[in-house]
Structure formats: C-alpha cells, structure tokens
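> A structural model of the following input is requested.
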Amino acid sequence: MNHVCDIRELSDTDALRSWARTHHTAIGYVGPNAEGYPVYEAHRGRITRLARGTTRDPRAHPLVWHSPRERTR
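So this is what the prediction gives:
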C-alpha cells in the first residue's frame, strides 16, 4: 500500500482559514521559518496545508548552527 502525503503552501493565512473551515479542521502554530515569520498548518487525513504570517514572529528564536568540526573553547 502506498501512502501519499500532500503538503502545500497556501498564499496567506486567510486562504488557510478558508481551507480549514471547508475541511472542518483546526489551524495550529508550527513555529517560525528561517526568515522569522510564523508558520501555521491545518491537517485533514494525509493532507497538510501551510501558510506564513505577514509580520515577524515575536516568538521567533535566532537560528544558530555550530559545525561539528569546529571546537568551542
């Protein structure tokens, strides 16, 4: 049996609200994206729809990456 996951980004949060209302599902906060904008999602079965907020996420954390080859002193 093949399981297919359908993940798509919608144009804005209004489109996500409309999709969620049509499919009788709730919207959840995922977290900030790499640019610091909030990302929201709605699920219905194997279908997931995402939308980004238009203002900076006040809960965003800066991305910090440390190379495994660099040694911290």
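
> could you pull out the helices for this structure?
Along the chain, counting by DSSP state H, helices occupy 13-22.

> Skipping adjacent residues, who's closest to the residue nearest the centre of the chain in space?
Central residue check for the chain by C-alpha atoms, centre = their mean: the C-alpha nearest the mean position is that of residue 39, 3.7 Å away. Leaving aside its chain neighbours, residue 39 sits nearest to residue 30 (4.3 Å; criterion: C-beta to C-beta, 6 or more residues apart in numbering). The way it works is simple: take the backbone N, C-alpha and C, and place the C-beta from them, glycine included.

> Can you give me the neighbour number for the one you found?
14 (other C-beta atoms under 10 Å).

> Now do the contacts for it.
Neighbouring residues of residue 30 by C-beta atoms under 8 Å, 6 or more residues apart in numbering: 38, 39, 40, 41, 50.

> picking up where we left off before, can you verify my assumption that the residue nearest to the centre of the chain contacts residue 52?
Yes. If you go by C-beta atoms under 8 Å, residue 39 and residue 52 touch, sitting 5.6 Å apart.

> Give me the common contacts of these two.
Common neighbours of residue 39 and residue 52 are listed as residue 33 (criterion: C-beta under 8 Å, 6+ apart).

> who does the helix or strand of the chain with the lowest mean pLDDT pair up with?
Counting by mean pLDDT, DSSP states H and E, the chain has its least confident helix or strand at strand 27-32, which shows a mean of 92. Partners of strand 27-32 in the sheet, by DSSP bridges, are strand 38-44 (antiparallel).

> Report the separation between the closest residue in space to residue 24 that isn't next to it in sequence and residue 10.
Nearest non-adjacent residue to residue 24, counting by C-beta to C-beta, 6+ apart: residue 44, 7.9 Å away. Residue 44 sits 13 Å away from residue 10, going by C-beta to C-beta, to the nearest Å.

> quick one: low-confidence parts of this protein?
Counting by pLDDT under 70, the chain shows low-confidence ranges at 1, 62, 71-73.

> ok, now with 90
The model of the chain has pLDDT under 90 over residues 1-4, 31-36, 56-73.

> in stretch 27-34, what's buried?
Residues 27, 32 are the ones in stretch 27-34 that count as buried (16 or more other C-beta atoms under 10 Å).
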